[in-house]
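[1] just coords:
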């Protein structure tokens, strides 16, 4: 159990959190119409007659959207329901042209599953299982804009009808950190599977946050729902704020109302959107325009076979290759980096060395230059080449850093750079000895100090030798020869 | 089960129908008449009977994931009571 | 009136192809009939130019041997069908002036088959009604009058009242209707014409304004069974845009017509003998039984035990689906908009209050109520279970017979306003028609004869799913024997 607590005037409280994540499905066309789903198009240009709910229009489901939801369910170890049904959720709003949303209440496509989260990247035993209640598919709504006109709101239906997966967790989270870890993990899995791009800023993934508080070991409290939170940071802030608000309210003698709230990120507060009295009566009933959805074994097999190696499996595989738990975690957090690194491994790089280099050097460079792994100017093959040059002694580690910088700048291959600039390290003991002799001669006082006990001066001699040889001396040989000569 | 004026008002609100008091008063007996009549279904023994899910035996066909629709903004806006700059305009909503 | 308007589709097709008259002559004759019959109020909009344009194409196609199945035939289209560029109001104020940018699949099929359009036909608002009195564009007056010397205006039935009146009055040789709970069959019976509702899913619902999605079906109405078969072949199709569309080839119903019913068993359901129904209704039913026997059929008594629950089941399910289907009429994207006191919700409520008539409002209210929290199981789920039982009744019955014969309606046409004060009284009109709708089965009405007041009475046939042929054949057998040649005397 988490030890996250809200400290109240009457004692400590714990928080119970559940998340309902709406994830836009990656597909070419919408869930029930053939209009495009791409983000950022001209208003109402990706709208079919069906999306605009013109009189007489009818829905026909898109196989790929179903497939993506099934693949997602499989990736979450969830039960796939071969028989499921679409229901209409009836309410009125200007972004809902039909006056109802086609969703799945009674018989969702996917049943219970679970996600493993890692609470501390450095502690591989700090895992927790978060339960998934269900996943269903439903239509997204259009967009309303309120700031374009003094007295009118503008409706854009481009998003109306895009497929959403609603992923409902069990209320298994007990702190903002757990919720954050869950969301990040869920997003990573969705991106691995390729069923959602997880882009919360663009709205392709959003969370409804259910929060309640209770005394340790006490009865479950009334929960509130804060809708459409669109970043991990905000989700964590909502939990913190809402838990605090509820504790204060209860301790002042108030009662937490079961209601829907909205988060205001500018003021960092949640406020009431809808009270229970105004709560919608959605009058769910099976959509008579659609028959029950039936999936056959061949369909399910194809979904299963199409799944890539998922984050947990990949992380374990990396650890099995000798990569540290921390590095393995970092490398598998995002699917693009994981794939890049897999490319590096399959080019023959030694896993442990490759992981250290990638995490420290490559990610460092990417952070510095503000690039994502997709914009990485170095391919896995080129990186493998660089690492090989170090491993087989062609260049030293120090020179490798130089070469790396030049690779980033010029895009040239490492061996080319080494050749052209004569950066090969030398293991020629003759040359090394000659330099060492010069340095020892020029620093007789330090030699004496070293020989009378100041062991730390060894580094000075190494540094001087490397400097004199412009970094191209094989450090191992330098060390060996220095020891031989210094005694 | 019968309805009173308050319940009728609530249903009218759910259905977004602005009904005047006269209309509400008229509707109460009308609806009660109809509801009383349909309630005879309570006489039917439906234990173990499934609700009808498909009228005629058929299987739900799925579409291919191909963009073959949309890009018809003029058609979409053609009958709009108030279209502005490519949007449908409605009275402002406060959220 | 031109003699051409007295001809059936079959006769017009034959004569046109033989060169006896041109398609233009046909179109002109019917256009004139339509224009002269405005007092019937059968049409909400007339499209004589479209009829002429299609006729000209037909005349041209005839010279190049490129004729299509309905080339030269002008038809009336019920206003519930979206017709590109032509007002499609569904008989409602809320869609006044709405011109779709698309054709419904069914009316599009008829266009592709070469048919022309005379205009859009008046109907009960959103297909909710049995007398065409709920239309926002005024009631349709039946061309029929009682022979009692009085001049009472009668209903042509509903909701396809305009459709029925148009055929009966010779304004169109054939029309489309829709049938959710009898809206093709009952008006056909009231006006002495034929009409068939096919198996659910046989005709695409795409582009037909939805009333009750699990019940709505398009179908033809015309003077004869053969005409209905010709039209239905052109109307039906598998439509990938309609998920409930049947993925089956369209049978050649016209070619398959045969009134020889030897080897066929006709079931007579005892539950359809209802107290309080005029004797003449049962008499025409008995007459139908005799005719079918004469055609070679064996007659057996059957039971459809849940018959009496069909109407209440229908009046839970249909309004429930309708309340959801009509939610899109909100003043945002098309149709009427009333601003109310200017908030969005006020706009919705004011628009819908102004745009919907009393019967539509009533059904939306019932539908909303039976789906609402706390009532869903008791009403809606219960009704869907009873619907399963009703369908099962038919499945069982069809183990003992191939067709079922009943009267179409519990009375002849009644006077306008006669049943408007009590919605329930109006609902009872569909007592014989509704069960087949709930079960999705093909069903047809053919005229049997006139009652004592000179008004038509219809005979109703129900078949197994997908057996439109069986239903049409039995209809033909009755048609041949009934020899119904009556037409209303022209008073308009």
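    Structure's in. What do you need? Predicted model, so just to flag it, every value in this text is computed and none were measured. Numbers count the residues shown, from 1 in each chain, chains lettered A, B, ... in the order given.

[2] quick one, phi psi at residue A:98?
    According to degrees, to the nearest 10, the main-chain angles of residue A:98 amount to phi -70, psi -20.

[3] check contacts around it.
    A:53, C:327, C:328 (Cβ atoms under 8 Å, 6 or more residues apart in numbering or on different chains). Heads up, the C-betas are built off the backbone N, CA and C, glycines and all.

[4] Where does the stretch 151-300 of chain C get nearest to chain B, which residue?
    Per Cβ to the nearest Cβ, residue C:200 is where the stretch 151-300 of chain C lies closest to chain B, at 4.6 Å.

[5] How about the contacts made by that residue?
    Counting by Cβ under 8 Å, 6+ apart, the residues that residue C:200 touches are B:55, B:56, C:214, C:215, C:217, C:244, C:440, C:441, C:465.

[6] Over to residue A:440?
    Contacts for residue A:440 (Cβ under 8 Å, 6+ apart) come out as A:447, A:461, A:485, A:486.

[7] For the first one, the count of nearby residues, please.
    Pointing back at residue A:447 there. 18 (other Cβ atoms under 10 Å in any protein chain shown).

[8] Secondary structure element holding it?
    Applying DSSP states H and E as the criterion places residue A:447 in helix A:444-451.

[9] And the strands in the stretch 101-250 of chain C?
    Secondary structure of the stretch 101-250 of chain C (DSSP state E, counting those that start in this stretch): strands located at C:116-121, C:174-179, C:194-197, C:217-222.

[10] can you check chain B too?
    Listed in chain order, the strands of chain B (DSSP state E) span B:83-84, B:87-91.

[11] Show me what the shortest one is packed up against.
    Contact here means 3 or more Cβ pairs under 8 Å, 6 or more residues apart in numbering or on different chains; DSSP states H and E; on that basis strand B:83-84 packs against no helix or strand.

[12] Now do it, average pLDDT.
    Averaged over strand B:83-84, pLDDT sits at 96.

[13] again, but for the longest one
    In this model, strand B:87-91 carries a mean pLDDT of 95.

[14] Off-centre distance for it?
    Counting by Cα atoms, centre = their mean, to the nearest Å, strand B:87-91 is centred 22 Å from the centre of its parent chain.

[15] Next: stretch A:366-379.
    With Cα atoms, centre = their mean, you get 17 Å for stretch A:366-379.

[16] Kindly report the same for stretch C:335-343.
    Stretch C:335-343 has its C-alpha centroid displaced from the chain centroid by 34 Å (Cα atoms, centre = their mean).

[17] need the contact list for residue C:177.
    Contacts for residue C:177 were tallied using Cβ under 8 Å, 6+ apart; they are C:78, C:160, C:163-164, C:183-184, C:187-188, C:195, C:218-221.

[18] Please tell me how far it sits from residue A:119.
    66 Å (Cβ to Cβ, to the nearest Å).

[19] Could you say which one of the strands of chain B comes nearest to residue C:59?
    Set against residue C:59 and scored by Cβ to Cβ, the strands of chain B come closest in strand B:83-84, at 41.1 Å.

[20] in terms of contact, does residue A:77 touch residue A:114 like I think?
    Yes - counting by Cβ atoms under 8 Å, residue A:77 touches residue A:114, with 5.8 Å between them.

[21] How about the most centrally placed residue in chain B: what's its closest non-neighbour residue?
    In chain B, the residue lying closest to the centroid (Cα atoms, centre = their mean) is residue B:15, at 7.0 Å. Once flanking residues are discounted, residue B:15 sits nearest to residue C:368: 4.5 Å by Cβ to Cβ, 6 or more residues apart in numbering or on different chains.

[22] Show me what the strand or helix carrying that neighbour is packed against.
    For residue C:368, the host element (DSSP H and E) is helix C:358-371. Under the contact criterion of 3+ Cβ pairs under 8 Å, 6+ apart, helix C:358-371 touches helix B:5-14, helix B:21-38, helix C:310-325.

[23] Just say which of those helices is most tucked in.
    helix C:310-325 (a mean of 27; mean count of other Cβ atoms under 10 Å in any protein chain shown).

[24] ok, is that one in contact with chain A or not?
    Yes - judged by Cβ under 8 Å from any Cβ of the partner chain, helix C:310-325 and chain A are in contact via C:320, C:321, C:323, C:324.
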